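Asker: here is a sequence together with a model predicted from it:
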Amino acid sequence: MTCKPVRALRSIGESSLPIAVILFALLGCADRAIPPSPSSKPAALSGQSGLAFVQVPAAEIRAAIEACVINGPDPALGVLTRPEQVELKELYEREDDVPLWVDAAGRLSDSAHDALALLSRAADEGLDPADYGQGQLDRLTATLESESPLRLLDLASFDVALSSGMLRYLHHVHSGRVDAHTIGLGLSVPVDHHDFAALLRSAVTDQRMAETVAGLRPPLEQYGALRTMLTRYRSLAADAIQEALPPFAAVVHPGEPYAGLGVLYRQLVALGDLPAGTPAPAGPTAYEGTLVEGVKRFQVRHGLETDGVLGKRTQAALRIPLAWRVRQIEFALERLRWLPHLGGERVVAINIPMFRLWAWNSTPSKETPSLGMGVIVGRALSTQTPVFVEHMREVIFRPYWNVPRSIARNEILPILERDPDYLRRQNMEIVRGPGDDAQAVAGTPENVALLRQGALRVRQRPGPQNALGLVKFVFPNQENVYMHGTPAPELFSRSRRDFSHGCVRVEDPVALAEWALEDQPEWTRDRILSAMAGTQPLHVKLLRPIPVILFYTTTVVMPEDGTIHFAEDIYLHDARLDRALARAHSAE
């Protein structure tokens, strides 16, 4: 770091310093060892034992630190953003706290050691220590702890470098490195009211660095479970004993020979899909028995057909490098930092690429979910389900399906040109105006023309044939996405379920309705079934809106049993996040 002269040097605390001190800090600190200063009041000592460095007046240290704060860290520490620069200056506003991390003799405080340890273990959070100046901090720490003459520049550089690194680290642990909006996601990270400068200053003073970081992590059981799995998968990825599976010449069915049985066995044991102690296959035998059962467990954890067949998708999943599984866990940790802190609310969470819904009665919760079921989501190539957080406010029994204009234009109108009787067979009608009480009009050529212009709209009447099934769960949003039942429940038997126009079809709408209306005891299961079998739409307002999180992550530690599952990146969001994180790293 070069503490070069700037246009004007203001005291961080808006007080002036002697000209001689300023000139010393700006012009002499680059190569001057700290001289004895018996006539000046030295900076307070930390009380730790250390090398016998001479002390330097606190005013000189403050001037050197101020110069470094104004000029910002050097390229080895990355470029600070404007908000980071402002926050760093705020951190050093109180002159009695300068320096924060070292005493005048260059001895590191206990808090400095704790902070350095946290930054060195940033990878435990799925973060990169290099983003926080780890290499430069190691060099400066070694310099401060050596027996060579201590330079004022090194002391000031270390103090500012550790402060800027810790401020950035606290932000990243709390809300992530990437803004979800920049990669096309609808998640809005809530306004953060933390004063990170004050938070860090208090952590230093009270020697509570680890506790402060723990309080900023997402308060979710999933986050802690993923951190544990990250350590495990890093160890697996670093294991030189792990072998690549031999190439598959064809699909391998149970009972058929395969040359890689030994490697497959060892891989399944390492991943936990075969219990430790399972006997290894003896010689070149057929693919059968416990190996088939282990592959089935692997298939369950990777969202594959659970048939025990070593088909193309299973072969591809088995050959994915464990280093990429580590990266997927890091992506999952980053995405959890984007979520709002819900503070005890009931919540519905839908993981899009895993085609799974969970509901909890409170968050954060160590309990298993109150409800879990499969879902069907938007098609990967054309109608992807968006990512956002909104609140469920209403349940509608026997809903109309108000056909989106894009579907009417692109799908229904072309069919009507070939088949004028299509609307009648599909129990659909053309209507004028909004709402359930919209006026139905005849399907004349004139009205079809008005439909094409957008002056009229089409809807499907309530009933078993309705595309929404018999229940609709409404959480108003700009994307006009909602959850609903389906007249085609057989699709839930498939492992990959991206079939919808973007809305979310739920496997058990009755159970979800029961859970959503749990605090309205008059809505028993029998009454729900009766409303579904009625003759008219019935709207039920929720007494308390329920957060609905439409989320995307290809890695989850399953809350039901603690096993880690991986999903295919059906919307290529992992690839997009990987590029965004690489850009963020290169800019830091």
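Answerer: Noted; the coordinates are in hand. Residues are numbered from 1 along each chain as shown.

Asker: and the helix or strand harbouring Arg227, what's buried?
Answerer: Using DSSP states H and E, Arg227 falls within helix 221-238. Within helix 221-238, the residues scored as buried using 16 or more other C-beta atoms under 10 Å are 221-223, 225-227, 229-230, 233-234, 236. All C-beta atoms are positioned from the backbone trio N, CA, C, and that covers glycine.

Asker: can you redo those residues as TSV with distance to Arg379 and pLDDT?
Answerer: Below are those laid out as TSV (distance: C-beta to C-beta, whole Å; pLDDT from 0 to 100):
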residue	distance to Arg379	pLDDT
Glu221	32	92
Gln222	27	95
Tyr223	30	96
Ala225	31	97
Leu226	28	98
Arg227	34	97
Met229	30	98
Leu230	32	98
Tyr233	31	97
Arg234	35	96
Leu236	34	94
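
Asker: between the residues you listed, which is closest to Pro83?
Answerer: Tyr223 (24.8 Å; C-beta to C-beta).

Asker: count of neighbours near the residue nearest to the closest one when sequence neighbours are not counted?
Answerer: Among residues not flanking Tyr223 along the chain, Leu336 sits closest, at 5.1 Å (C-beta to C-beta, 6 or more residues apart in numbering). Burial of Leu336 is recorded as 18 neighbouring residues (other C-beta atoms under 10 Å).

Asker: likewise Ala359?
Answerer: Neighbours around Ala359, by other C-beta under 10 Å: 21.

Asker: can you tell me which two in the buried residues of helix 221-238 are farthest apart?
Answerer: Farthest pair in the buried residues of helix 221-238 (C-beta to C-beta) is Glu221 and Leu236. Separation: 22.5 Å.

Asker: what is the mean pLDDT for the host helix or strand of Gln136?
Answerer: Assessed by DSSP H and E, Gln136 sits inside helix 134-144. The average pLDDT within helix 134-144 is 90.

Asker: looking at it, Ala575 is touching Glu568, isn't it?
Answerer: No: contact criterion C-beta atoms under 8 Å: Ala575 and Glu568 do not qualify, at 12.0 Å.

Asker: between the two, which is the more surrounded one?
Answerer: Glu568 (19 against 10).

Asker: contacts only, for the more buried one.
Answerer: Glu568 sits next to 303, 353, 496, 554 when contact means C-beta atoms under 8 Å, 6 or more residues apart in numbering.

Asker: which two of those have the greatest separation?
Answerer: Comparing all pairs in the contacts of Glu568 by C-beta to C-beta, the longest separation belongs to Arg496 and Thr554, at 13.1 Å.

Asker: of those two, who's got more company?
Answerer: Neighbours were counted for Arg496 and for Thr554 using other C-beta under 10 Å; Thr554 has more, 25 against 15.

Asker: any idea how far the closest residue to Asp239 other than its chain neighbours is from Ala276?
Answerer: Excluding the flanking residues, the one nearest Asp239 by C-beta to C-beta, 6+ apart is Ala270, at 7.4 Å. Distance, Ala270 to Ala276, by C-beta to C-beta, to the nearest Å: 10 Å.

Asker: who's Ile396 bridged to?
Answerer: Taking DSSP bridges, one obtains Lys472, His539 as the residues bridged to Ile396.

Asker: can I assume the residue nearest to Tyr223 is in contact with Gly224?
Answerer: No: using C-beta under 8 Å, Leu336 is not in contact with Gly224; the gap is 10.2 Å.

Asker: which secondary element of the protein has the worst mean pLDDT?
Answerer: Confidence across the helices and strands of the chain bottoms out at helix 19-23, with a mean of 29, counting by mean pLDDT, DSSP states H and E.

Asker: helices of the stretch 251-400 of the chain, start to end?
Answerer: 261-271, 290-301, 312-318, 322-336 (DSSP state H, counting those that start in this stretch).

Asker: distance to Leu550 added to those helices, as a markdown table?
Answerer: Shown next, in a markdown table, are the helices of the stretch 251-400 of the chain (distance: least, C-beta to C-beta, whole Å):
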| stretch | distance to Leu550 |
| --- | --- |
| helix 261-271 | 29 |
| helix 290-301 | 23 |
| helix 312-318 | 25 |
| helix 322-336 | 12 |
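
Asker: please name whichever of those helices is nearest to Gly534.
Answerer: Nearest of the helices of the stretch 251-400 of the chain to Gly534, taken as C-beta to C-beta: helix 290-301 at 38.9 Å.

Asker: in the closest one, what counts as buried?
Answerer: Residues of helix 290-301 classed as buried: 291-301 (neighbour count, 16+ other C-beta under 10 Å).

Asker: related to what we said a few turns ago, report the contact partners of the residue nearest to Asp239.
Answerer: 236, 239, 242.

Asker: and if you look at Ala259?
Answerer: Neighbours of Ala259 in contact, by C-beta under 8 Å, 6+ apart: 246, 284.

Asker: switch to 6 Å and redo it
Answerer: Pro246 (C-beta atoms under 6 Å, 6 or more residues apart in numbering).

Asker: then the one 4 residues further on?
Answerer: With contact set as C-beta under 6 Å, 6+ apart, Val263 has these partners: 243, 245.

Asker: just the pLDDT for it.
Answerer: Reading off the confidence values, Val263 has pLDDT 93.

Asker: likewise His174?
Answerer: For His174, pLDDT reads 95.

Asker: so what touches whichever strand or helix holds it?
Answerer: Using DSSP H and E, the element containing His174 is helix 152-175. Surrounding helix 152-175, the residues in contact under the criterion C-beta under 6 Å, 6+ apart are 1, 29-30, 34, 64-65, 68-69, 73, 77, 87-88, 91, 99-102, 106, 115, 119, 125, 127, 132-133, 136-137, 140, 143-144, 189, 196, 200, 213, 216-217, 337.

Asker: and for stretch 548-565?
Answerer: For stretch 548-565, contacts defined as C-beta under 6 Å, 6+ apart pick out 225-226, 229, 301, 328-329, 332, 335, 348-353, 368-369, 387-390, 392, 475, 566-567, 569, 573-574.

Asker: what subset of these is buried?
Answerer: 225-226, 229, 301, 328-329, 332, 335, 348-353, 369, 387-390, 392, 475, 566-567, 569, 573-574.

Asker: what sits against the most centrally placed residue in the chain?
Answerer: For the chain, the residue sitting closest to the mean C-alpha position, by C-alpha atoms, centre = their mean, is Arg335 at 0.7 Å. Neighbour list for Arg335: Thr553 [criterion: C-beta under 6 Å, 6+ apart].

Asker: is the residue nearest to Gln328 when sequence neighbours are not counted bridged to anything, and to what?
Answerer: Excluding the flanking residues, the one nearest Gln328 by C-beta to C-beta, 6+ apart is Thr555, at 4.5 Å. Beta-bridge partners of Thr555, counted by DSSP bridges, are Phe566.
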